[in-house]
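Participant: Predicted model and sequence follow; I will ask about them next.
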Amino acid sequence: HLATINGSVAICQMLLRRGADHRALDECGVNPLHTACANGHYRVVELLLAHADADASEKSGLYPTVAWKKMYVNQPNAHNGDTPLHVACRSGYSYAATALLKYVKAKVSFPSKVSADSVDAFIHAKNRDGRTAKDLAVFNRLQDAELMLKRLDVGIRQMRQRKRPDIRKPHSQVIEGNPP
């Protein structure tokens, strides 16, 4: 946690290479991703997310189930229920918030109900005070994070309004001279 608080990318890399647990919680239920976001160290945020992606025990992909709430990028702390995105927006660090949003956006590479529900759960997650990350971004005047949250929200709504394409097998054509 100290390496993420101080923003030392080199020390974080060394610790992760030597087996440090990126999910380790302190006495307040805060993980290293929370502390990196709270201090605005977006490069440490990116490093931790990349490490979580490479971890075989970490679930890959996004899904709107109970497991989604336990996923590293969306894990609430025990203190007030803030997710890392809440922490970044509460602390006023738009670069950290943007790094989290880009990570989630990169995970959603295909339009489906599951991916839309997952991103929706991520951006509309509420802490114990009933506030979303967007509420905190607006309050702290994080215009770029607020804009990215709005764009993701609009993208989700558009994805849900689209009809699925009609996929049918093409009719086989009979060519004269060939047996059917």
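Facilitator: Done, it's in. Numbering: from 1, shown residues only.
Participant: Please tell me how far the nearest residue to residue 153 once chain neighbours are set aside sits from residue 75.
Facilitator: In this structure, residue 153 finds its nearest non-sequential neighbour in residue 123, 6.2 Å apart by Cβ to Cβ, 6 or more residues apart in numbering. (Glycine included, C-beta is placed from N, CA and C.) Distance, residue 123 to residue 75, using Cβ to Cβ, to the nearest Å: 15 Å.
Participant: cool, and residue 101?
Facilitator: Where residue 75 is concerned, residue 101 sits at a distance of 16 Å (Cβ to Cβ).
Participant: In this structure, what helix or strand scores lowest on average pLDDT?
Facilitator: helix 66-70 (a mean of 47; mean pLDDT, DSSP states H and E).
Participant: for the following helix or strand past that one, packing partners?
Facilitator: For helix 66-70, the following helix or strand on the C-terminal side (DSSP states H and E) is helix 84-91. Here helix 84-91 touches helix 32-38, helix 94-107, helix 133-139, going by 3 or more Cβ pairs under 8 Å, 6 or more residues apart in numbering; DSSP states H and E.
Participant: among these, which is nearest residue 6?
Facilitator: helix 32-38 (9.6 Å; Cβ to Cβ).
Participant: Flag the shaky bits of this protein, pLDDT-wise.
Facilitator: Residues of the chain meeting the criterion pLDDT under 70: 55-71, 107-115, 162-180.
Participant: if we go to 50?
Facilitator: 60-69, 163-175, 178, 180 (pLDDT under 50).
Participant: Now the residue nearest the centre of it: closest residue in space that isn't a chain neighbour?
Facilitator: Nearest to the mean C-alpha position of the chain, by Cα atoms, centre = their mean, lies residue 104 at 3.6 Å. Closest residue in space to residue 104, ignoring its immediate chain neighbours: residue 122 at 5.4 Å, by Cβ to Cβ, 6+ apart.
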